[in-house]
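1. All I have is the shape, not the residue letters:
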């Protein structure tokens with residue numbers, strides 16, 4: 001599903017059945033993260049519409065969620081990809097602080 005369809009429908013596709021230890025909201029967040037967003041701001045607006053939270057709070061919840069083993073069991077490819085992206089951003093931030101070119 002492309003981001004135009006995802007953002008216009010206003011609803012994430014149904015999440016797979018909940019894994020023990022994951023709430024319904026956690027499953028919805030993981031399902032939401034499977035979407036790719038084409039336009040700047042579309043994802044942030046969809047976060048506000050679907051989860052009634054700011055983008056900052058959403059990413060705090062998401063980062064805590066991807067560290068949980070239940071999330072890894074629920075969707076291993078997605079969680080590993082999100083962890084990899086987070087680690088790359090952390091490395092880039094550290095390199096900038098140290099003045100190292102990556």
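-> Structure received. Keep in mind that what you see is a predicted model, and the values were worked out from it rather than measured. Numbers count the residues shown, from 1 in each chain.
2. Neighbours of residue 92, how many?
-> Using other Cβ atoms under 10 Å, residue 92 is surrounded by 12 other residues. From N, CA and C alone the C-beta is placed, and that goes for glycine too.
3. Distance from the chain centre to the strand or helix carrying it, please.
-> Using DSSP states H and E, residue 92 falls within helix 76-98. What separates the centre of helix 76-98 from the centre of its chain is 13 Å, taken as Cα atoms, centre = their mean, to the nearest Å.
4. which strands and helices sit next to it?
-> helix 24-33, helix 55-66, helix 69-74 (3 or more Cβ pairs under 8 Å, 6 or more residues apart in numbering; DSSP states H and E).
5. Buried by neighbour count: which residues of it qualify?
-> Neighbour-count burial for helix 76-98 flags 78-79, 82 (criterion: 16 or more other Cβ atoms under 10 Å).
6. What's the per-residue pLDDT of the residue nearest to the spatial centre of the chain here?
-> Nearest residue to the geometric centre of the chain (Cα atoms, centre = their mean): residue 33, 4.0 Å. Per-residue pLDDT puts residue 33 at 94.
7. contacting residues around it?
-> Counting by Cβ atoms under 8 Å, 6 or more residues apart in numbering, residue 33 touches 62, 78, 82.
8. Which one, of the helices and strands packed on helix 76-98, ends up nearest to residue 97?
-> Taking Cβ to Cβ, helix 55-66 is the member of the helices and strands packed on helix 76-98 nearest to residue 97, at 19.6 Å.
9. Many thanks, I have nothing further to ask.
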